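Enquirer: Prediction below, plus the sequence it came from.
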Amino acid sequence: MTAPIHIGFLIYPDVTQLDAAGPAQVLSRVPGAIIHMVWKTLDPVETDAGFSILPTDTFDSCPDLDVVCIPGGMGQMALMGDGEVLDFLKRQGGQARYITSVCSGSLLWGATGLLKGYKSACHWAFREMLPRFGAEPVAERVVRDRNRISGGGVTAGIDFGLTLAAELAGEDVARKIQLLIEYDPKPPFDAGSPEKAGPELAAKVRAEFASAAPAQT
């Protein structure tokens, strides 16, 4: 009988849902995986795409997790000083096998102090913030440093999920999952990084992020 693997995603208002849904879709196919979508309450949580996700667990009801994943999203900024959220992450991160993130979720791990001295990925527009927390930014789709595994921006969550699936269940299982979800990306435009998109487009996107971000104190 396959032992259960408890994998938890922190869901919060204005989360980027694909940061969680992409790897969750992959990891749900790992033998023994139990996916937990966790927030303060069981009320629907509105994502930055305008629809809501229904949590499966609260901070109090969530079991000890083998994998803790923080997805990114503009709502993450408001949590950087939220004691209830940080306490939950510190508690779970202190006993989990893997501390993980996608996109700007790595910054929230930084706020807990659990990323200090580790290499990490992050969305390209926020990567430069990681050194504030003692972390070393790495411009890769997936970065692993000991038991910290992080994905870059949004779609890198699928790469991250497959990497973690191989870690949990072996490469053969991860390859099977990749085929099952037909993950064979061939984007219609070659603009998926600031280097490929060029400085003008990158500047426009940075400005959009800056205007959307809440004021920080």
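Expert: Received, thanks.
Enquirer: quick one: the helices in this protein?
Expert: Using DSSP state H, the helices of the chain run over residues 17-27, 83-93, 105-112, 156-169, 171-180, 194-197, 199-212.
Enquirer: Read off the pLDDT value for T2.
Expert: At T2, the pLDDT value in this model is 85.
Enquirer: cool, A212 as well?
Expert: 75.
Enquirer: and what of F209?
Expert: We have a pLDDT of 87 for F209.
Enquirer: separation between it and S104?
Expert: F209 sits 10 Å away from S104, taking C-beta to C-beta, to the nearest Å as the criterion. The C-beta positions use only the backbone N, C-alpha and C, and glycine is treated the same way.
Enquirer: In terms of neighbours, single out the busier of these two.
Expert: Between F209 and S104, counting by other C-beta atoms under 10 Å, S104 is the more crowded of the two (28 against 13).
Enquirer: and the gap between that one and E136?
Expert: 16 Å.
Enquirer: Report the beta-bridge partner residues of the most centrally placed residue in the chain.
Expert: Ranked by distance to the mean C-alpha position of the chain (C-alpha atoms, centre = their mean), the top residue is V102 at 2.5 Å. On the basis of DSSP bridges, V102 takes part in beta bridges with G151.
Enquirer: Quickly note the distance from it to L115.
Expert: Distance of V102 to L115, given as C-beta to C-beta: 14 Å.
Enquirer: now do R127
Expert: Here R127 is placed at a distance of 13 Å from L115 (C-beta to C-beta).
Enquirer: How about V67?
Expert: Between V67 and L115 the distance is 16 Å, computed by C-beta to C-beta.
Enquirer: re earlier: of R127 and L115, which one has the most company?
Expert: Legend: neighbour count by other C-beta under 10 Å for R127 and L115, higher for L115 (25 against 20).
Enquirer: returning to that earlier point: okay, the helices of the chain in TSV with distance to S150 next?
Expert: Formatted as TSV, the helices of the chain follow (distance: least, C-beta to C-beta, whole Å):
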stretch	distance to S150
helix 17-27	11
helix 83-93	13
helix 105-112	5
helix 156-169	7
helix 171-180	17
helix 194-197	18
helix 199-212	19
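Enquirer: Understood, closing this out.
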